[in-house]
Structures are given as structure tokens and as C-alpha cells.
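*Asks:* show me how the following folds:
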Amino acid sequence: QLQLVESGGGLVQPGGSLRLSCEASGDTFMYYTIGWFRQAPGKEREGVSCITQNDGTAYADSVTGRFTISRDNHKNTVYLQINNLKPEDTAVYYCAAQRGYVQFCAIVAGPYDHWGQGTQVTVSS
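*Replies:* Presented below is the predicted three-dimensional model:
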């Protein structure tokens, strides 16, 4: 059973940067597509980015150009680099995993069946 643990969240000023990590254990990590999602208070969960087994990526329009997803299969970890943070980026960020080959990843929750507990990102001056 794959387990996911997010880290790297925190309080940052607008314009700042963070790198979130999603570390996996319990199964062969390279077989999984990984997605990042976020949920702000009072709002629905939103897909942010995803990366396939072959390093194909996708981003939500709201984060394109500011967020970069990458993976290191040797470390069983996916990273989400977030630059030029905005107050509207404040949310709990979750990573999720989908096993099996996909040509293109989707940033919708349905295909993902393993979820982490989340890490809080707060953007405030």
C-alpha cells in the first residue's frame, strides 16, 4: 500500500517561494503518476499540477509559470516548486498517486486513489 507524506509548507510573504515535497513509501514509486491538489478554507479542492511516470506534466492555468513539478525516483519524492506566491495560494496542499501507465496526467481527483495528509501553505504579509 503506497503511503504519501507531504512537507515543506509554511508561512511566507507574498512574492516568496516554497518547495513542497511528497515522499512515497510502500510500493514501487516509479509506477505512479503523482498529482498536487490544494484546498482553501470554504472552497472546493482544486487540482494544481501532476507528473507522469515519464515526466509528462500538466498545470492549472492559475499556477502556470509560477509552479514547477518534478520527481526524483531515486528518492521516491515529487517536488512542487512554488514561486511568486500570492495570498490566493493559501491552502492545504495534498499530493496524490495513481498507479499504472498514463500518457497524460489529469489534475482532477478522480483517478487518484492514494492521498497524503496535506501541508499548510499560508501567504500573508
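*Asks:* tell me what the residue positioned nearest the centre of the chain is bridged to.
*Replies:* The centroid of the chain falls nearest to Trp36 when counting by C-alpha atoms, centre = their mean (2.4 Å). Assessed by DSSP bridges, Trp36 has beta-bridge partners Ser49, Cys95.
*Asks:* CA atoms only: put stretch 62-70 into CSV for me.
*Replies:* Extracted C-alpha coordinates of stretch 62-70, given in CSV (Å, rounded to 0.1, in the frame of the first residue of the first chain):
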residue,chain,number,x,y,z
SER,A,62,-3.9,29.7,-12.2
VAL,A,63,-0.4,28.4,-11.4
THR,A,64,1.3,28.1,-14.8
GLY,A,65,4.6,30.0,-14.9
ARG,A,66,4.8,30.0,-11.1
PHE,A,67,4.7,26.3,-10.1
THR,A,68,7.1,23.6,-11.3
ILE,A,69,6.6,19.9,-10.6
SER,A,70,9.4,17.4,-10.7
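*Asks:* now do the SS call for the residue nearest to Gly47 when sequence neighbours are not counted.
*Replies:* The shortest distance from Gly47 to any non-neighbouring residue, by C-beta to C-beta, 6 or more residues apart in numbering, is to Ile107 (3.0 Å). Glycine gets a C-beta too; all of them are placed from N, C-alpha and C. What DSSP: H, G, I helix; E, B strand; the rest coil gives for Ile107 is coil.
*Asks:* against Arg99, how distant is Ile107?
*Replies:* 17 Å (C-beta to C-beta, to the nearest Å).
*Asks:* who's more crowded, those two?
*Replies:* A side-by-side neighbour count of Ile107 and Arg99, using other C-beta atoms under 10 Å, places Ile107 first with 20 against 16.
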